[in-house]
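> everything below, folded, please.
(2 chains)
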Amino acid sequence: MKQLPEGFLLIVKKACPTCELIEPVIYEMSAAGLQMTIYSQDDPAFPAESEAVLYDESLEISYDLDIETVPTLIRVREGSEVARLVGWHREEWQAMTGVSALGTGLPDYRPGCGALNVDPGMQRELAARFGISGLAARRVEVAEISDEMETCFEKGWTDGLPVVPPTPERVLAMLKGTSRSPDEVVAVVAPNKVPCSVEKVAINAVLAGCKPEYLPVVLAAVEAASLDEFCMQGLLATTYFSAPVVIVNGPIRHAIRMNSGINAMGQGNRANATIGRALQLVIRNVGGGEPGGVDRSTLGSPGKYTFCFAEDEEGSPWESFAVQSGYAPELSTVTLFPGHGIHEIFDQLSRTPESLARTIASCLLSVAHPKICMASDAVLVISPEHAAVFREAGWTKQKLLAELHNLLQRPGSELVRGVDGIAEGLPEAFADNPAIPKFKENGLMIVHAGGKAGKFSAIISGWIASGSMGSQIVTREINQ
Amino acid sequence: MKMNTVLMDPTAELAPVERTRLPRPDSLVGKTVGLLDISKARGEVFLARLGELMAADGISVRHYKKPTFARVAPLELLQQMSVEVDLVVEALAD
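Reported below is the predicted structural model:
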């Protein structure tokens, strides 16, 4: 606590009837020669005839003094508070001031009014502004005449869309979404290999428009993106299209109301939209990865703004991707796939799993290039109507994957460079291989999502540099 | 309240480290040149030809290779090149 002015401190506001009532008392105290400092919360000209009024417009003094009620009278000796009265109680005021005739014409007792600094919402704001917030990030002051939204653009903090200005109040509220300490280092973020704290993730989650309850998902996504096997550095630097595609499994999908149904990979759901965006903003703002800088993508893809959705586990005929990867169903996970797209699978006529599998295989052949094999991975997003075909026939996910594997093998003679008049293709050395699979082992993954109507599924194509030589799909558990 | 808005900096707050490049040599005579193939398609063809031309001019050449273009070069490779050659040419694009 700062050194307080000697004598008496009185905190008042004009809008309080008790404060107006005791106005004569203030003049009596001055007349008695008491040393007084008066802080008015709402009107610099109240009390009108006192010369000792200071306007606590920012409420900093009131916040520092922890005022809850006006009037509050504080006795200060040697810079420190020694006594405090709240409201008007004549005998107590007389005793504390030593002025025996103080307020003789007034009622014996009147309660005070609520102080402005404890108005709803105000305490949080003042705590962020004047309190010891525990936040370590640099504070950037935006002049009153400037627009803070424009400032965020000017500072280069956005992906091109407007962001939510990351005020200390919002960052503190965001941090309530996790039990982790703001200064804990979450990960070393690419491309600049920057140690990134929980606080920095929270600031970027504010920018992205997240609610505090999304923060654990964003934190897990940042951790996953920074795993060596995900190779975020290369994924960002590549001239290819890909970026992290975020897939969420487990109970948190419902807790934060993520969308796994109609338009699951499209717009309209705050959690889907902002979690993916927050990850991208961390890479941009903390990691330093900007288009034209380390990000060299030739064309990019819309998913570089955000690409995040939840799996529809309840409607799926199969175990979820997370369960298939060894996580218990009651755990929540975030999975990152280095991908882009999406590419459609149209089939309204297949009623047997054999026919539908052939459609899916035909479409999968075009990933990257019909003559390129064992390069890109892919995620197959099966929608409910297509899933029903497999469910009714009793096909497991493993059976579908095995069938697709069989359908996606072709002789090298059809794939090598020059065949079909196309220069692109596999090296000549593959020409004699009778059966080359389209995907590497475990290079094709299946999740279930989408609206209940529509015989369409989707392919999310992966980065051409997949596997241990590039980027691999990664999954992390989400912890509160 | 009339006050300036305060925003929390979302960036790394680090001044970028700018390392100045070594001056370009006026001549390659007497230098050892590293040729780094980053495993991009046909990079080795380009570097092999460059190596031939340099060798014909009496320039000493050493060949190196990154395991994959998708990842940064292994530290051992960077250290090895830094002590064995005076400058490096790498074939970046396909």
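> lowest average confidence, helix or strand, in chain A?
Taking mean pLDDT, DSSP states H and E as the measure, chain A has helix A:122-130 as its least confident helix or strand, at a mean of 78.
> export that helix as PDB, just CAs?
As requested, the backbone C-alpha atoms of helix A:122-130 are provided in PDB (Å, rounded to 0.1, in the frame of the first residue of the first chain):
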ATOM      1  CA  MET A 122     -16.000  -3.100 -12.200                       C
ATOM      2  CA  GLN A 123     -13.900  -5.000  -9.600                       C
ATOM      3  CA  ARG A 124     -12.600  -7.400 -12.300                       C
ATOM      4  CA  GLU A 125     -11.700  -4.500 -14.500                       C
ATOM      5  CA  LEU A 126     -10.000  -2.600 -11.800                       C
ATOM      6  CA  ALA A 127      -8.100  -5.700 -10.600                       C
ATOM      7  CA  ALA A 128      -6.700  -6.100 -14.100                       C
ATOM      8  CA  ARG A 129      -5.800  -2.500 -14.300                       C
ATOM      9  CA  PHE A 130      -4.400  -1.700 -10.900                       C
END
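> wondering if the next helix or strand after it reaches chain B at all.
For helix A:122-130, the succeeding helix or strand toward the C-terminus, using DSSP states H and E, is strand A:139-142. Yes. Residues of strand A:139-142 are located near chain B by CB under 8 Å from any CB of the partner chain, namely A:139-142. Any C-beta I mention is one placed from the backbone N, CA and C, and that applies to glycine too.
> break chain A into its domains for me.
A:7-129, A:149-477 (automatic domain parsing).
> out of those, which gets nearest to chain B?
domain A:149-477 (3.7 Å; CB to the nearest CB).
> from the chain's centre, how far out does the closest one sit?
Remark: domain A:149-477 is offset 17 Å from the chain centroid, using CA atoms, centre = their mean, to the nearest Å.
> can you give me the pLDDT of residue 37?
Reading this off chain A. On pLDDT, residue A:37 comes in at 93.
> meant chain B, my bad for not saying
At residue B:37, pLDDT is 94.
> do the same with residue A:185
Looking at residue A:185, the pLDDT reads 96.
> and it, what does it touch?
Neighbour list for residue A:185: A:195-197 [criterion: CB atoms under 8 Å, 6 or more residues apart in numbering or on different chains].
> before we move on, the earlier item: which other helices and strands contact the least confident helix or strand of chain A?
helix A:60-64, helix A:168-175 (3 or more CB pairs under 8 Å, 6 or more residues apart in numbering or on different chains; DSSP states H and E).
> sheet partners, orientation included, of the next helix or strand along the chain from the last one?
Yep, that's helix A:168-175 we're talking about. Sequence-wise, the next helix or strand downstream of helix A:168-175 (DSSP H and E) is strand A:185-189. Counting by DSSP bridges, the strands paired with strand A:185-189 are strand A:194-197 (antiparallel).
> ignoring the adjacent residues along the chain, who's closest to residue A:81?
Distances taken as CB to CB, 6 or more residues apart in numbering or on different chains put residue A:74 closest to residue A:81, at 5.4 Å, once the chain neighbours are dropped.
> can you list the buried residues in the helix or strand hosting the one you found?
Applying DSSP H and E as the criterion places residue A:74 in strand A:72-77. For strand A:72-77, the neighbour count (16 or more other CB atoms under 10 Å in any protein chain shown) marks A:72-76 as buried.
> got the CA coordinates for it in PDB?
In PDB, the C-alpha atoms belonging to strand A:72-77 read as follows (Å, rounded to 0.1, in the frame of the first residue of the first chain):
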ATOM      1  CA  THR A  72     -16.100   5.800   4.200                       C
ATOM      2  CA  LEU A  73     -14.000   7.700   6.700                       C
ATOM      3  CA  ILE A  74     -10.400   6.600   7.300                       C
ATOM      4  CA  ARG A  75      -8.000   7.800  10.000                       C
ATOM      5  CA  VAL A  76      -4.400   7.900   8.800                       C
ATOM      6  CA  ARG A  77      -1.300   8.100  11.100                       C
END
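> name the helices or strands packed onto it?
Using 3+ CB pairs under 8 Å, 6+ apart: strand A:72-77 touches strand A:7-12, strand A:80-86, helix A:90-97.
> compute the inter-axis angle for the longest one and strand A:7-12.
This points to helix A:90-97. 140 degrees (axes from the mean of the first three to the mean of the last three CA atoms, to 10 degrees).
> output helix A:90-97 in PDB with nothing but the alpha carbons.
As requested, the backbone C-alpha atoms of helix A:90-97 are provided in PDB (Å, rounded to 0.1, in the frame of the first residue of the first chain):
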ATOM      1  CA  ARG A  90     -22.900  10.200  14.700                       C
ATOM      2  CA  GLU A  91     -21.400   8.900  17.900                       C
ATOM      3  CA  GLU A  92     -18.700   6.900  16.100                       C
ATOM      4  CA  TRP A  93     -17.800   9.900  13.900                       C
ATOM      5  CA  GLN A  94     -17.600  12.200  16.900                       C
ATOM      6  CA  ALA A  95     -15.400   9.700  18.700                       C
ATOM      7  CA  MET A  96     -13.000   9.200  15.800                       C
ATOM      8  CA  THR A  97     -12.700  12.900  14.900                       C
END
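> phi, psi for the nearest residue to residue B:84 once chain neighbours are set aside please.
For residue B:84, ignoring the flanking residues on the chain, the nearest one in space by CB to CB, 6+ apart is residue B:62 at 6.0 Å. With angles defined as degrees, to the nearest 10, residue B:62 sits at phi -130, psi 140.
> check what pLDDT residue B:62 gets.
In this model, residue B:62 carries a pLDDT of 96.
> I'd say it and residue B:83 touch.
No. Contact criterion CB atoms under 8 Å: residue B:62 and residue B:83 do not qualify, at 11.2 Å.
> tell me which residues touch residue 93, please.
Going with chain A. Residue A:93 touches A:25, A:73, A:85, A:102-103, counting by CB under 8 Å, 6+ apart.
> please go with chain B instead
Residue B:93 touches residue B:40, counting by CB under 8 Å, 6+ apart.
> cool, residue A:360 as well?
So residue A:360 contacts A:345, A:347, A:380, A:404, A:457 (CB under 8 Å, 6+ apart).
> residue A:422 too?
Per CB under 8 Å, 6+ apart, neighbours of residue A:422: residue A:371.
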